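Q: Based on what follows, work out the 3D shape:
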Amino acid sequence: MRVLVTGGTGKTGSAVARGLRARDVAVTIGSRHPRGPDQVRFDWADPSSHDAALAGVDAVYLVTPAMDPEPDRLMVPFIDRALARGVRRFVLLSSSAIDARAPGIGAVHAALQARAPEWTVLRPSWFMTNFADPQHALGSGIRNERAFVSASGQGRIAFIDPEDIAAVAVATLLAPANADLILTGPEALSYDEAAAILSEVLGEPVVHRPIAVDEWCARLTAAGMPTEYAAMLGALEQAIAGGAEDRVTDEVLRRTGRPPRSLREFARAAFAL
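A: Numbers count the residues shown, from 1 in each chain. All right, here's what the predicted structure looks like:
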């Protein structure tokens, strides 16, 4: 078996590749800037890179092109090309906020369900790594100011460690679910509650400052995010405020045999405490 891991140098993709290798599965890592013998050039926007990446491949881990509000226009033709070359199994990284009825990535869900013999759609909650990533607004605020903002009010999110997402991806690449799976961490937390946990771990106050969604979107666009994509994320913030992400599932435990990591456990490791 050989698996093509798109986004293979990213947060989940690199962990998926490690997990597959640990199970003696051959891996091809797709990257726009390949380095190393097991990496090939792969660019969603350049179909000429797709056939070489699919050479000898039996399964594909699909990570959407970054900040593209219409990923289906690139991904669905790729799925059709992969199927024509004999690929049978796909695992798509999506979001807990999106299902097969939604436009964009939802259309990729629908295409897999309709066309692929073996498929799994992973719909994880928000990444815990955002709290520690200096390139993310949350992580930058926490590291530099011990403060961060959101537009989701007291809405709760069951934050999840990307390593747990990757573990489910590996499990379903080896044994497809033919279903979409909502993946969460062990508890749903408001950002105020998350800030309290981070304060405890860091030993000093971390403050969450609620702001209006318009201000939140303006911050994103000022940082260089496309306006349409920022508006989509703003709509997700409003949905969170209304309770859309206040849920916990047992899919990580069911698929991997171990419970997902808590935010407290993640933060202790991420901040080396």
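
Q: Could you break the chain into its assigned domains?
A: Following automatic domain parsing, the chain resolves into domains at 2-124, 125-159+185-246+261-273.

Q: The ones you listed: which one's closest to Ala166?
A: domain 2-124 (3.4 Å; CB to CB). Every C-beta, even on glycine, is put in place using the N, C-alpha and C of the backbone.

Q: so Trp216, which of the three states?
A: Look at Trp216: counting by DSSP: H, G, I helix; E, B strand; the rest coil, its state is helix.

Q: Distance check, the residue lying closest to it once chain neighbours are set aside against Arg219.
A: Among residues not flanking Trp216 along the chain, Ala151 sits closest, at 3.8 Å (CB to CB, 6 or more residues apart in numbering). Separation of Ala151 from Arg219 (CB to CB, to the nearest Å): 9 Å.

Q: quick one, which of those two is more surrounded?
A: A side-by-side neighbour count of Ala151 and Arg219, using other CB atoms under 10 Å, places Ala151 first with 22 against 15.

Q: As a check, name the ranges of all strands in this structure.
A: Using DSSP state E, the strands of the chain run over residues 2-6, 26-31, 39-41, 59-63, 89-93, 118-124, 147-150, 179-183, 207-210.

Q: Pairing partners for the second one, with directions?
A: The pairing partners recorded for strand 26-31 under DSSP bridges are strand 2-6 (parallel), strand 39-41 (parallel).

Q: Identify whichever of those lies nearest to Ser262.
A: Short answer: strand 2-6, nearest of the strands paired with strand 26-31 by CB to CB, at 27.0 Å.

Q: How far does the closest one sit from its chain's centre?
A: 16 Å (CA atoms, centre = their mean, to the nearest Å).

Q: Touching it from outside, list them.
A: If you take CB atoms under 8 Å, 6 or more residues apart in numbering as the criterion, strand 2-6 is touched by 13, 16-17, 20, 25-30, 42, 44, 53-54, 56-63, 173.

Q: do the same with stretch 257-272
A: 128-129, 131-132, 159-161, 163-164, 167, 183-187, 189, 194, 197-198, 200-202, 252-253, 273.

Q: Please check the residues you listed and keep the buried ones.
A: 128-129, 131-132, 159-161, 163-164, 167, 183-187, 189, 194, 197-198, 201-202, 252 (16 or more other CB atoms under 10 Å).

Q: Select the longest helix from the chain.
A: helix 227-241 (DSSP state H).

Q: If you count neighbours, what's buried in it?
A: 229-231, 233-234, 236-238, 240-241.

Q: Now do that helix: distance to the chain's middle.
A: With CA atoms, centre = their mean, you get 16 Å for helix 227-241.

Q: who does that helix touch, helix- and strand-wise?
A: helix 213-222 (3 or more CB pairs under 8 Å, 6 or more residues apart in numbering; DSSP states H and E).

Q: quick one, the helix it packs on and helix 227-241 angle?
A: Counting by axes from the mean of the first three to the mean of the last three CA atoms, to 10 degrees, helix 213-222 lies at 140 degrees to helix 227-241.

Q: residue boundaries of the helices in this protein?
A: Using DSSP H, helices in the chain cover 11-22, 50-53, 72-84, 105-115, 137-145, 162-174, 191-202, 213-222, 227-241, 251-256, 263-270.
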